[in-house]
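Colleague: From the sequence below, what's the structure:
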Amino acid sequence: MNKKRYILLALILLTLCQGMTAKNKTVQKVYMYGFSASFQDSVVYFTDIQELENVPVAERTDFLYGRDSYSNQLRDYFTGKNQPFRTCVVSYAFDRKHIEKKYLKMKSKYTKKGNFDVRYLKTDEFKFNKVEPAQVVEQDVPETPKDAKKGKKKKKDRS
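Modeller: Modelled structure (predicted):
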């Protein structure tokens with residue numbers, strides 16, 4: 001009887017652990033655009049709305065996998081154009097109408113006041129590449145010696 005309880009408990013724990021792991025799903029189409037600005041000048045850039053197919057997203061949250069990699073692609077493009085200190089942002093949606101609404105709202109923020117020089121990057125100038133999920137590789141990390149702190153003296157409490 002006791003053995004059956006342990007087996008049942010082990011099965012329950014196993015199924016719970018499997019349910020907690022992050023899973024990715026693939027969506028057919030994702031629409032995205034990029035935006036780039038710099039604190040050093042008044043020029044802002046918008047990319048065209050681009051369509052990416054078979055892109056992995058997080059199953060529960062529908063967050064785009066590797067969002068930072070897409071903005072890094074845009075940043076690397078500007079670094080290659082001798083504009084290394086630009087802040088790049090990527091916005092995405094699963095519906096074309098939704099991303100167009102986001103695009104127009106962001107664009108209107110920079111065109112209404114007239115303080116910015118708005119420029120556009122066409123798809124033939126810059127195109128996002130699909131980011132594949134990286135395989136998790138465990139590496140042996142050397143332990144840091146704890147003896148390094150021995151030489152430091154503690155400050156006296158003056159209260």
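
Colleague: Contacts for stretch 32-46, please.
Modeller: Stretch 32-46 has contacts (C-beta atoms under 8 Å, 6 or more residues apart in numbering) with 47-50, 52, 64, 70-71, 74-75, 78, 83, 85-93, 99, 102-103, 106-107, 110, 115-121, 126, 128. (C-beta placed from N, C-alpha, C; glycine too.)

Colleague: what pLDDT, on average, does that stretch get?
Modeller: On average, the pLDDT along stretch 32-46 is 93.

Colleague: Straight-line length of that stretch, end to end?
Modeller: 11 Å (C-alpha to C-alpha, to the nearest Å).

Colleague: Give me the buried positions along that stretch.
Modeller: Within stretch 32-46, the residues scored as buried using 16 or more other C-beta atoms under 10 Å are 32-38, 44-46.

Colleague: Tell me which two of these sit farthest apart.
Modeller: Met32 and Ser38 (20.8 Å; C-beta to C-beta).
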